[in-house]
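A.B. asks: could you work out the structure for the sequence below:
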Amino acid sequence: MMDDEKRVEAVFGLYDGTVSVLGFVFGLVLHGAPSSTIVIGGIGGAIAAAVSMSTGEIEKSEGPLKRRLPVAFSMFLATMIGSLIPVVPFFFLSGAAALACVAIGCMCVATFIGHQRH
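C.D. replies: I've put the predicted structure just below:
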């Protein structure tokens, strides 16, 4: 079971990853990039977001590194999962079908986050 601190950070990472990469993906879509470019760019963005968020978590927390690493790892995983939600549909689909799946996935994340915050 996840303690409250890890849960809060995981929800934040999920949200941040989804929103960050969603903007990136929409930019590529509007530019007319093919699905393969969106996938590669999205994966790169997901890795960058997850590393950034977990590093920030280590830096902001106090105490021994041994206690900070599990929370940072939770942040990394949650951000990576959130970041891949807008990317995964482009592995299998393109155009409007992929965007519809992205919209549904992001709405599911928003619903989950809303549920977790209340």
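
A.B. asks: only C-alpha atoms for contact and neighbour calcs from this point on.
C.D. replies: Noted.

A.B. asks: if I look at P86, how far off is M80?
C.D. replies: P86 sits 11 Å away from M80, going by CA to CA, to the nearest Å.

A.B. asks: more crowded one of the two?
C.D. replies: P86 (31 against 26; other CA atoms under 10 Å).

A.B. asks: touching, that one and I104? I think so.
C.D. replies: No. Look at P86 against I104 with CA atoms under 8 Å: they stay out of range, at 9.5 Å.

A.B. asks: below-threshold pLDDT in the chain: ranges please.
C.D. replies: 1-2, 118 (pLDDT under 70).

A.B. asks: how near is V8 to V71?
C.D. replies: Counting by CA to CA, the gap from V8 to V71 is 10 Å.

A.B. asks: between the two, which one's more packed in?
C.D. replies: Set side by side, V8 and V71 show more neighbours around V71, with 22 against 17, by other CA under 10 Å.

A.B. asks: G27 sits in which helix or strand?
C.D. replies: Using DSSP states H and E, G27 sits in helix 4-31.

A.B. asks: tell me where the chain has helices.
C.D. replies: Assigned by DSSP state H, the helices in the chain fall at 4-31, 35-60, 65-84, 89-92, 95-117.

A.B. asks: most tightly packed of the ones you listed?
C.D. replies: helix 65-84 (a mean of 22; mean count of other CA atoms under 10 Å).

A.B. asks: neighbouring contacts of that helix?
C.D. replies: Defining contact as CA atoms under 8 Å, 6 or more residues apart in numbering, one finds that helix 65-84 is touched by 5-6, 9-22, 42-43, 45-47, 49-51, 53-55, 57-58, 61-62, 109.
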